[in-house]
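>>> 3D model of this:
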Amino acid sequence: MGIEIKGYSVLGKIAKGGMGEVYKGIHQGLGKEVILKKLSPNAPAGFYERFKREASIMMDISHPNIVHMYDYFHEGGSPYIIMEYIDGYSLSELIHRYKQIPVYLAAYIILKIAEGLKYAHSEGVIHRDIKPGNVLLSATGEIKLTDFGIAFRPESHESENVTKQGTILGTPAYMSPQQIKSSKDADSCSDLYSLGVLFYEMLTAKRPFSNEFTNDNIKKIMKGKYLGIRKYNKHVPFKLISIIRKMMHHDSRKRYKTADEIIHILTKFISFRFKDLSVIRKDLALIVNGDDSEIKFSEDGVGVTSGLFERLALYRYPDLFIFFEIGKNSFVAVCVFLFLLFSIKTYSPTLFLSCMNLGCKYGIADIKIENRRFTGEKFFDSGDISISLKNLHNGKTKNYTLHGKGNYIKKKSIILRSGEYHVRMKNYDNVVEAGFTVKPFKVLAKNEFLLKLPTFTSKPINFDIFVCDERTGNKIAANIFFKEENGIWQKYLEDTVLYNGKKYEFKAEADKYLPSFSYEMDFPFWINSSSLKIKLSQIKTVVYFEVPPVSLDVKIDNKNFWSTKQGEQEVEDIFLPKKGENKKIYCLPGSYSFVFQNKKEGIYIERKVSVPQSDKEVHISFEKDGGDELCAVLKIKNFEEKD
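Numbers count the residues shown, from 1 in each chain. Have a look, this model is predicted:
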């Protein structure tokens, strides 16, 4: 055209609108191709503000997946934006030319747009107009997001003036429900929604919603009502469908919160097939540089080309994977159905027979087992009760195992084919047999049958008690006491007789040992012998430490921790502060190596201590000898001397 504007040579007009024009040009100094966007001097003030805001936003952001802006100036009464020139075409043209884009290629394009959005969102910029026409594909395989004409920063006061509450800006087919309500309410989730619509369109060559502001269309967008992807394209995996469904959810709370989540998921998805993503970029460059005679995509998404066919076929999701996904989903559906059927059969057999129309052939039975084995008012555990139900017509048998206590033990709501049954009940060595008839559910709502366990009488049992040292396991002489439930303590002797069908408590006492806990034992009617081992803890000797003149760490047999309670395993760190209190520990009789140390003061005292029986106690105090040396003084006292 021969026109020069502020150091740029205009090569030609690319587009013209009511409020401006777009030119292709060259930077005269660098020889670099650029795009010049010009706003008409007659444009309304609102358009001017948006044009200026677009320049301000694009001047602040720079990312490989966003078209770069070089300059902003006024010339001849019009403002200009100078931008990076992309040698290629828009995603809209790619969809128009090739219809359904193969799965992995579409996922890669969305991934790169998401990377650009992640950066823009991190800079506080909301695009608000994500659509195929605003995504550019370069001849080198780059993917660039462009046209930030209605983008804004939610925190910016300037955006509040330009985008008033209730104003609708954007392209209807790609706008989220909250953006339709008010463009000022658009946020990063709105951009992710639009990206989901873009993904849907690439895979199906259809928009989920029309591009009209009609009541019917707005209602569909608000409720998220659109045809599923697999209505148009059977080659899309359920994994991607689930991702798109979440991106496009009409409730923003149920969408992905950040572009980073989408990037992570899609990178993992694509990398499963393509370890090196640069391969996809190279193939995309070949597609952009080709023409219709070289590259075409058929309706089912398969790439058809004389030179690129084999390469482009790689971007299809394998039919075998789809088959396995369908099989897996079907398997899950069958499992869910069977689980529900089993649950209904288990918890509502009446409903099960009604739903399955089996009331004429099957009946419901309750079996009650009377437990007659008791002493006084006490019923004892029945133990395992095996029940075998044999249908005399077809010979089929059902087996159950019951366990319980009380007047009755029940097995409720058993579904059985109607007819005559033989019942065999076994409990230990006792067998009870009976017969009964199961009537159909439509004749009798529930069949009830009563079985009785035989009555037991108490018998003497062979009982052995072994009392031993808890630490060594050696047998010790001890006094053993027992009592029946709610009875009094009695001494257990060699000729003492215990009976089954009763509950007893036992305890033991021995010289120089702590008394044992009481042990409860329940002897059912069916046992003939039993035994009990009682472990006793030896009484330990008390070792007192008096407050030292300097703080001391204590080790006993090279251990920093020692028992601090009689008869218990609780231990704590032994440290003697100079301004503390007297401490005590518990030791079994024997010989020990005590070490008292203060590294800072250079004190190290080692003392062999023979701990006597528990009828005495050990006192350790600290004194200085004739010089400045600190020593440990050992004293052994009888318990009577403490007072």
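>>> before we move on, which element is residue 433 in?
strand 430-438 (DSSP states H and E).
>>> enumerate every residue touching residue 151.
53, 54, 57, 120, 125, 126, 127, 128, 129 (CB atoms under 8 Å, 6 or more residues apart in numbering). C-beta: built from backbone N, CA, C; applies to glycine.
>>> let me have those residues in CSV, adding neighbour count, pLDDT and distance to residue 542 as columns.
Shown next, in CSV, are the contacts of residue 151 (neighbours: other CB atoms under 10 Å; pLDDT from 0 to 100; distance: CB to CB, whole Å):
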residue, neighbour count, pLDDT, distance to residue 542
53, 22, 87, 84
54, 21, 86, 86
57, 23, 89, 80
120, 23, 93, 75
125, 23, 92, 76
126, 24, 91, 75
127, 29, 90, 79
128, 25, 90, 80
129, 24, 91, 84
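>>> state the pair within those residues that is farthest apart.
53 and 120 (14.1 Å; CB to CB).
>>> what is the nearest of the contacts of residue 151 to residue 149?
Nearest to residue 149 among the contacts of residue 151, counting by CB to CB, is residue 54 at 5.0 Å.
>>> how close does that closest one sit to residue 23?
In this structure, residue 54 and residue 23 are 17 Å apart, going by CB to CB, to the nearest Å.
>>> sorry, back to before: filter the contacts of residue 151 down to the ones in strands?
Of those, none are assigned to strands by DSSP state E.
>>> using TSV, please lay out those residues together with distance to residue 78.
Formatted as TSV, the contacts of residue 151 follow (distance: CB to CB, whole Å):
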residue	distance to residue 78
53	16
54	14
57	20
120	27
125	25
126	27
127	25
128	25
129	23
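>>> can you map out the helices along the stretch 201-350 of the chain?
Here the stretch 201-350 of the chain has its helices, by DSSP state H, counting those that start in this stretch, at 215-223, 238-247, 259-271, 278-289, 309-313, 319-347, 349-355.
>>> a helix runs through residue 451, doesn't it?
No: using DSSP: H, G, I helix; E, B strand; the rest coil, the secondary structure at residue 451 is strand, not a helix.
>>> going forward, count from 32.
Taking 32 as the first residue, the last one we looked at is residue 482.
>>> if you drop the residues flanking it in sequence, what lies closest to it?
residue 400 (4.9 Å; CB to CB, 6 or more residues apart in numbering).
>>> in its sheet, what does the helix or strand where the one you found lies sit against?
Element membership of residue 400 [criterion: DSSP H and E] is strand 393-401. Strand 393-401 has the following strand partners under DSSP bridges: strand 439-448 (antiparallel), strand 478-483 (parallel).
>>> put the alpha carbons of the first one into PDB.
When you say that, I think you mean strand 439-448. Output in PDB follows, covering the C-alpha atoms of strand 439-448 (Å, rounded to 0.1, in the frame of the first residue of the first chain):
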ATOM      1  CA  TYR A 439     -34.000 -67.100  71.300                       C
ATOM      2  CA  ILE A 440     -31.400 -67.100  68.500                       C
ATOM      3  CA  LYS A 441     -32.900 -66.200  65.100                       C
ATOM      4  CA  LYS A 442     -32.300 -66.500  61.400                       C
ATOM      5  CA  LYS A 443     -34.700 -64.100  59.800                       C
ATOM      6  CA  SER A 444     -36.100 -63.600  56.300                       C
ATOM      7  CA  ILE A 445     -34.600 -66.600  54.400                       C
ATOM      8  CA  ILE A 446     -35.900 -66.900  50.800                       C
ATOM      9  CA  LEU A 447     -36.600 -70.500  50.100                       C
ATOM     10  CA  ARG A 448     -38.400 -72.300  47.200                       C
END
